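Asker: Take this sequence and fold it.
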Amino acid sequence: IVVEAEYTRGTLQSSTTAKLGGEELESVKTESFAEAASQISGVSMLSTGQNVAKPIIHGLHSNRVLIVNNGLRHEFQNWGIDHAPEIDPSAINQIEVIKGAATVRFGPEALGGVILTSPAPMELSTPLSGKIGLVGKSNGQSGEGNIELRKGFKWLSLMAGGSYLKQGDLQAPNYNLSNTGKEEESYYGGILIHPFANLDIEGYYSRVDQNLGILLGSTFSNLEDLERALEADVPAFTTDFTYDINQPRQEIRHDLYKATARYTGNNHVLELKYGHQFNARKEFGLRRGDAPTIDLELVTNSIDLDWSHPSIGPFSGKIGAQWQDQANDNLPGTNTVPFIPNYDSERWGAYLIESAQFGNNNTIEFGLRYDWMEAQITGREPDNTIYRNTIEYENITATLGYKKQITPESSFRTNIGTAWRPPNVAELYRFG
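Answerer: Take a look at the predicted model:
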């Protein structure tokens with residue numbers, strides 16, 4: 001007997017949530033992550049190129065919208081509008097959007113809202129199952145294939161999958177868009193161990209590799225080139241169709257490791273989660289040779305502890321704490337002054353969310369959170385002078401909400417909250 005139910009992972013009943021899954025998500029899995037998320041009402045998309053797009057909520061994007069990928073904050077170079085999140089939609093089973101000030105539960109950078117993505121859960125005692133997808137598109141003459149396999153035993157569940165995409169130059173109605181090809185590959189795997197009735201141990205790994213071409217005719221070195229490009233009927237440097245990806249382009253790799261231990265007791269759940277993410281980004285402009293103009297590596301380690309405690313009188317809720325350590329390094333060989341400096345940062349956060357029901361159909365809830373962040377920065381001025389600095393920020397955020405179930409089919413909810421984020425290092429020290 002399998003009993004299933006849906007729940008809001010944001011835990012706040014008074015917040016506005018929306019989900020995309022099932023056949024609706026399947027129909028857009030061959031698009032980018034931002035295009036898939038934009039199918040949800042209230043989410044739009046910012047596109048800065050044929051292959052680069054990111055989601056917008058309430059007019060906010062980049063480091064003002066938090067993406068939680070499979071339970072971990074998706075950490076990447078999120079300070080530029082031309083930096084798309086490295087998430088493969090074919091590996092996602094559901095996208096959930098929480099709008100408004102969701103900072104209390106998820107931490108800084110959730111000013112516009114939170115986008116939660118998750119794969120299909122691993123299940124015990126299930127037969128071997130799988131799915132295969134093949135997609136072809138005429139524009140770009142692209143082909144994509146993906147595969148996934150799952151098997152559940154009595155105390156063990158396994159899953160693995162992957163995808164590959166190859167696309168050539170895209171076409172406008174009257175001309176070729178030179179150097180807009182892309183090549184993407186991703187693979188992932190997970191294991192669930194259920195050694196005792198109250199304990200689950202889960203491991204997950206995913207990797208995404210992208211090679212994204214940037215329209216050759218959109219690269220400018222001065223205002224005169226830009227003016228000529230706007231007046232031209234056909235972009236400069238337009239050539240015949242090809243699958244080659246030349247300068248300018250982006251090469252990105254993102255690795256995600258996650259280990260989770262979950263203890264389910266009498267009316268409470270304790271979960272400990274460790275995450276490790278590695279993000280490598282190379283950006284190639286138009287220059288002699290094939291050295292990148294930006295070559296960055298971002299390494300993130302995180303620990304999350306969450307406790308859904310037993311009810312205390314009319315109150316039920318969740319208490320949690322988070323720790324994160326992050327190191328950003330510019331790799332040598334670009335022969336340019338680093339666009340953003342090297343830095344090492346550390347974050348601590350703790351939160352409390354409680355709700356209580358009164359009467360038959362009324363729920364009131366409140367949340368409180370404290371965050372502290374410190375970063376040590378080492379960079380170079382445009383004249384190559386080395387500078388060093390240490391920045392530190394701390395803040396308290398809060399939320400208060402109310403929900404009333406009017407009829408079984410209708411409800412009223414309202415929420416007021418504060419949101420906060422420390423400035424991104426790139427905003428403070430870009431080019432020194």
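Asker: what is the mean pLDDT for the longest strand anywhere in the chain?
Answerer: Longest strand of the chain, by residue count under DSSP state E: strand 386-407. Mean pLDDT, computed over strand 386-407, is 92.
Asker: Given the following helix or strand past that strand, what are its sheet partners and their directions?
Answerer: Once the chain leaves strand 386-407, the next helix or strand it forms, by DSSP states H and E, is strand 410-417. Here strand 410-417 is paired, per DSSP bridges, with strand 386-407 (antiparallel).
Asker: helix or strand right after the helix ranked longest in the chain?
Answerer: In the chain, with assignment by DSSP state H, the single longest helix is helix 223-231. Using DSSP H and E, the next helix or strand after helix 223-231 towards the C-terminus is strand 249-264.
Asker: Could you check the angle whatever helix or strand comes next after that next one makes with strand 249-264?
Answerer: Of the helices and strands lying after strand 249-264 in sequence (DSSP H and E), the nearest is strand 269-284. Put simply, strand 269-284 runs at 170 degrees to strand 249-264, going by axes from the mean of the first three to the mean of the last three Cα atoms, to 10 degrees.
Asker: I'd like to know the average pLDDT value across whichever helix or strand comes after strand 269-284.
Answerer: Next helix or strand after strand 269-284 toward the C-terminus (DSSP H and E): strand 294-312. Averaging pLDDT along strand 294-312 gives 94.
Asker: Repeat that for stretch 26-43.
Answerer: 84.
Asker: Alpha carbons of it, as CSV, please.
Answerer: Coordinates of each C-alpha in stretch 26-43 appear next as CSV, following Å, rounded to 0.1, in the frame of the first residue of the first chain:
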residue,chain,number,x,y,z
GLU,A,26,7.5,17.2,-19.1
SER,A,27,6.4,19.4,-22.0
VAL,A,28,9.1,22.0,-21.2
LYS,A,29,12.0,19.8,-20.0
THR,A,30,13.8,20.3,-23.4
GLU,A,31,14.0,24.0,-22.7
SER,A,32,16.4,25.8,-20.4
PHE,A,33,15.8,25.9,-16.6
ALA,A,34,14.6,29.5,-16.7
GLU,A,35,12.2,28.8,-19.6
ALA,A,36,10.7,25.9,-17.6
ALA,A,37,10.4,28.0,-14.4
SER,A,38,8.7,30.8,-16.4
GLN,A,39,5.7,28.6,-17.1
ILE,A,40,4.7,29.3,-13.5
SER,A,41,2.5,32.3,-13.0
GLY,A,42,4.4,35.3,-11.7
VAL,A,43,7.8,34.1,-13.0
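Asker: which outside residues touch it?
Answerer: Stretch 26-43 has contacts (Cβ atoms under 8 Å, 6 or more residues apart in numbering) with 16, 18-20, 24-25, 44-47, 51, 53-58, 84-85, 87-90, 92, 95, 97, 99, 115, 117, 133, 135, 137, 144. All C-beta atoms are positioned from the backbone trio N, CA, C, and that covers glycine.
Asker: Buried residues in that stretch, which are they?
Answerer: 28-30, 32-34, 36-40, 43 (16 or more other Cβ atoms under 10 Å).
Asker: Output those residues as TSV; include the columns secondary structure.
Answerer: Formatted as TSV, the buried residues of stretch 26-43 follow (DSSP: H, G, I helix; E, B strand; the rest coil):
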residue	secondary structure
V28	coil
K29	coil
T30	coil
S32	coil
F33	helix
A34	helix
A36	helix
A37	helix
S38	coil
Q39	coil
I40	coil
V43	strand
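Asker: Which two of those residues have the greatest separation?
Answerer: Within these, T30 and V43 form the most distant pair, 18.3 Å apart (Cβ to Cβ).
Asker: Sketch out the low-pLDDT regions of this structure for me.
Answerer: Low-confidence segments of the chain (pLDDT under 70): 6-12, 14, 100-102, 431-432.
Asker: Would you quantify the distance from the residue sitting furthest away from the middle of it to P55?
Answerer: In the chain, counting by Cα atoms, centre = their mean, G359 sits farthest out from the average C-alpha position, at 39.3 Å. From G359 across to P55, the span is 38 Å (Cβ to Cβ, to the nearest Å).
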